[in-house]
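Undergrad: Structure here, sequence nowhere to be found:
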């Protein structure tokens, strides 16, 4: 369950960072405008009026404002040069080399007991009954 939640959170972060939420708002706005126009107009006229841009709905205005805000403020995007993972220290840090204990557990092939090899005779042929 936790793994699925982590995948869902990562997907949500990816979608939000690419601006998918703005496109989703615009899609909902177009769908609601089309549904409203279709009640009184033909489908072709409803599509033309929806995508004409002459009378944007409230969601269209929100979508336009979000898009302009994202284009005008690229400084809000975090650059990798501003990320500091570890603060600088005055102390010298010594790191010991890793010690492997795996090589101590290896057994030479000559010390591994070998099972006796027996030859197995093939079974006799099966008779064909038709």
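TA: Noted; the coordinates are in hand. In this text the structure is predicted, and so the values were computed from the model without any measurement.

Undergrad: Which helix or strand contains residue 34?
TA: Under the criterion of DSSP states H and E, residue 34 resides in helix 20-38.

Undergrad: May I see the buried residues of that helix?
TA: 22, 25, 26, 29, 30, 33, 34, 37 (16 or more other Cβ atoms under 10 Å). To be clear about C-beta, it is placed using only N, CA and C from the backbone, and glycine gets the same treatment.

Undergrad: Can you tell me which of those residues is closest to residue 68?
TA: Residue 68 lies nearest to residue 22 out of the buried residues of helix 20-38, by Cβ to Cβ, at 10.2 Å.

Undergrad: For the closest one, which non-adjacent residue is spatially closest?
TA: residue 66 (4.9 Å; Cβ to Cβ, 6 or more residues apart in numbering).

Undergrad: Sticking with the one you found, tell me its helix or strand.
TA: helix 58-72.

Undergrad: Other residues contacting that helix?
TA: The contact list for helix 58-72 (Cβ atoms under 8 Å, 6 or more residues apart in numbering) reads 19, 21, 22, 25, 26, 28, 29, 30, 32, 33, 56.
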